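please work out how this folds:
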Amino acid sequence: MQATPTEEQLALAAWFVQHKRRWPLAWALVLGLSATATSLLFGFGVAAAKANLPDSTASVLALERPRLDSTTNAAPLWDKAGVAFTRWAGPVMDDPDREGTWSNPSVYSSGSAFRNYLASNAACIALADQAAALPHANWDLDFSQGYNILLPFLSKQRVLARLGRTRARMAAFDNDWNEVLTALHTAHAAGVHAGEDPILINHLVAFASDTTVANALLDVLNTPGARPGDADLDRLLAFARACHEQESHLSESLEGERRIGLMMLDRLTTGDAGAMMAMYGTPSPACELPPTYNPLGLSYFTDRAAYDKYFERKSARLKRIESDLASAVDLDQTESDDIAQQKDRLAHFFSHQILPTIHRTERSFLNRRAYWRVAIAGLLAYKHARAHGGRWPARLSDLGLGPAEVADPCDPNGGSIRYRLQADGSLAIWTVSADAKDNGGPAGKDKGWDDYCFLLKPLETPGGGEDGK
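Alright, predicted model coming up:
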């Protein structure tokens, strides 16, 4: 007489039935075994997997960074700035982060909701400026938690970067260009400090903050009444080029992600409740983990090898892109190869769940680079127009861009940044977007397409001006 099946054995049986089309005979034989025999096989597989687990936890703990003293660690100050931040309390349609809000001149007036918004955040801004002046931020993360690690500061850093964009626009209206530069520097530092730990999501948040700052740099040129002097434009250009050339540590974050993923994979194999909770929101290992991870542990080893190989390929490609030795031209075929490598969901169960979330990492890096190249081109065009009676340069080649600044990093065909004088007197500068197609810049926006495009409005008053404050 057979013993009463356990909850785990019933879950195994249900999973076998769900996938019976793949192994009808093999799984029928397994299901024909007594519950006792199945339990023994299950236990044998777990024991085999445990016996072969590498010490992945130790490699993750090695990611932890040395502690910093209060004179060099910006993290506590950023935390205080985040606590002091006062959210926008005006009408939703006038949210300062909404495109179109800033075309209304009344937003700049004394006593406007936008002035009050910045005034209510005076303490937050002062703390953020102090944090930005420090070289590093150590958030004291507990890497042993794997995917359960808490990162509450990321959303705050993103908000502080957006606050800097609003602050820079207001300062440009006041023609206080020292304040503009300080606002841009602080917003940029908010992203850089968010991405210092080798965790991929931290780095992607840093990239997102960087694109906000690149956009803000051109926003200030479109601000009504803004008249930066030549020295101010030189400082803005130097800032943009420094951000564009800043060394990326994305490869280190990718390595951190690889180590954390392997640690989580090893813990899942042993039925670790914390790992199950991080992956599936439940501590029960019978809920989602395929039984192929347990009988003899065969799929575990196949999956682990595939996961490691994926990161090896991705890391090599990313290092080439970071060094400007490769661009979007190289991505399409290799990304297709990576996808094909993960087709077997059952042999690569963990890889199938995790790798799609990091698949387009290189694209994020290239997008960030594209935004800064558009910003540099826009600043050079603006400076040329100020010196030539408000006339935009006729061609991109007239800007004097360096070879590393003129190429469109997102173009799979290896083209240059797009540049077009508009009929209304504005200037459009853009690169292709995530779809790797040139959708026409501003013309594409009207049709719902999204290139990385910026429009510089016609100069209000042709000619050069005195330096701002």
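
okay, now residue 135: neighbour count?
Counted with other Cβ atoms under 10 Å, the neighbours of residue 135 add up to 12. For every residue, glycine as well, the C-beta is placed using N, CA and C.

show me where the stretch 51-200 of the chain has its helices.
Using DSSP state H, counting those that start in this stretch, the helices of the stretch 51-200 of the chain run over 56-61, 75-84, 113-120, 122-132, 153-173, 177-194, 200-222.

how about TSV for those, with mean neighbour count and mean pLDDT added?
As requested, the helices of the stretch 51-200 of the chain are exported to TSV (neighbours: other Cβ atoms under 10 Å; pLDDT from 0 to 100):
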stretch	mean neighbour count	mean pLDDT
helix 56-61	16	87
helix 75-84	19	96
helix 113-120	16	92
helix 122-132	19	97
helix 153-173	23	94
helix 177-194	24	97
helix 200-222	23	91
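
need the ones you listed in CSV (columns: distance to residue 384).
Converted to CSV, the helices of the stretch 51-200 of the chain look like this (distance: least, Cβ to Cβ, whole Å):
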stretch, distance to residue 384
helix 56-61, 51
helix 75-84, 38
helix 113-120, 31
helix 122-132, 31
helix 153-173, 19
helix 177-194, 19
helix 200-222, 13
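
closest to residue 303 out of these?
Closest approach to residue 303 among the helices of the stretch 51-200 of the chain is made by helix 56-61 (13.5 Å; Cβ to Cβ).

what's around residue 69, how many residues?
7.

against which helices or strands is the helix or strand harbouring residue 251 packed?
Residue 251 is part of helix 250-269, with elements assigned from DSSP states H and E. Using 3 or more Cβ pairs under 8 Å, 6 or more residues apart in numbering; DSSP states H and E as the contact test, the elements touching helix 250-269 are helix 35-51, helix 56-61, helix 200-222, helix 273-280, helix 298-322, helix 349-354, helix 361-387.

let's see that with 7 Å instead.
For helix 250-269, the contact count by 3 or more Cβ pairs under 7 Å, 6 or more residues apart in numbering; DSSP states H and E identifies helix 56-61, helix 200-222, helix 273-280, helix 298-322, helix 349-354, helix 361-387 as packing neighbours.

out of these, which is closest to residue 117?
Checking the helices and strands packed on helix 250-269 against residue 117 by Cβ to Cβ gives helix 200-222 as the closest, at 15.7 Å.

right, and the helix or strand after that closest one?
Sequence-wise, the next helix or strand downstream of helix 200-222 (DSSP H and E) is helix 230-245.

as PDB, could you dump the C-alpha coordinates of that following helix?
The C-alpha coordinates for helix 230-245 follow below in PDB (Å, rounded to 0.1, in the frame of the first residue of the first chain):
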ATOM      1  CA  ASP A 230      30.700  83.100 -23.400                       C
ATOM      2  CA  ALA A 231      32.400  82.100 -20.200                       C
ATOM      3  CA  ASP A 232      29.200  80.600 -18.900                       C
ATOM      4  CA  LEU A 233      28.800  78.500 -22.100                       C
ATOM      5  CA  ASP A 234      32.400  77.400 -21.800                       C
ATOM      6  CA  ARG A 235      31.700  76.200 -18.300                       C
ATOM      7  CA  LEU A 236      28.600  74.400 -19.300                       C
ATOM      8  CA  LEU A 237      30.400  72.700 -22.200                       C
ATOM      9  CA  ALA A 238      33.300  71.600 -20.000                       C
ATOM     10  CA  PHE A 239      30.700  70.100 -17.600                       C
ATOM     11  CA  ALA A 240      29.000  68.200 -20.400                       C
ATOM     12  CA  ARG A 241      32.200  66.900 -21.800                       C
ATOM     13  CA  ALA A 242      33.400  65.800 -18.300                       C
ATOM     14  CA  CYS A 243      30.100  63.900 -17.800                       C
ATOM     15  CA  HIS A 244      30.400  62.300 -21.300                       C
ATOM     16  CA  GLU A 245      33.900  61.100 -20.700                       C
END
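
residue 64 reaches residue 142, doesn't it?
No: contact between residue 64 and residue 142 fails when scored by Cβ atoms under 7 Å: they sit 8.3 Å apart.

looking at those two, which one has more neighbours?
Under the neighbour definition other Cβ under 10 Å, residue 64 and residue 142 were set side by side, and residue 64 has more, 15 against 11.

give the contact list for that one.
By Cβ atoms under 7 Å, 6 or more residues apart in numbering, the contact set of residue 64 is residue 143.

any idea which residue sits dead centre in the protein?
Nearest to the mean C-alpha position of the chain, counting by Cα atoms, centre = their mean, stands residue 204 at 1.8 Å.

now do the domain split for this structure, please.
7-59+252-359, 68-137+152-225 (automatic domain parsing).

how much space between the residue nearest to the centre of the chain and residue 250?
9 Å (Cβ to Cβ, to the nearest Å).

and what of residue 453?
Separation of residue 453 from residue 250 (Cβ to Cβ): 25 Å.

and those two? Which one has more around it.
residue 250 (25 against 22).

so, low pLDDT: which residues of the stretch 1-150 of the chain?
Residues of the stretch 1-150 of the chain that meet the criterion pLDDT under 70 lie in 1-54, 91-95, 97-100.

swap the cut-off to 80 and go again
Within the stretch 1-150 of the chain, the set of residues satisfying pLDDT under 80 comprises 1-55, 70, 89-104.

for residue 109, which of the helices and strands packed on helix 250-269 is the nearest?
For the helices and strands packed on helix 250-269, proximity to residue 109 was assessed by Cβ to Cβ; helix 200-222 is nearest, at 17.6 Å.
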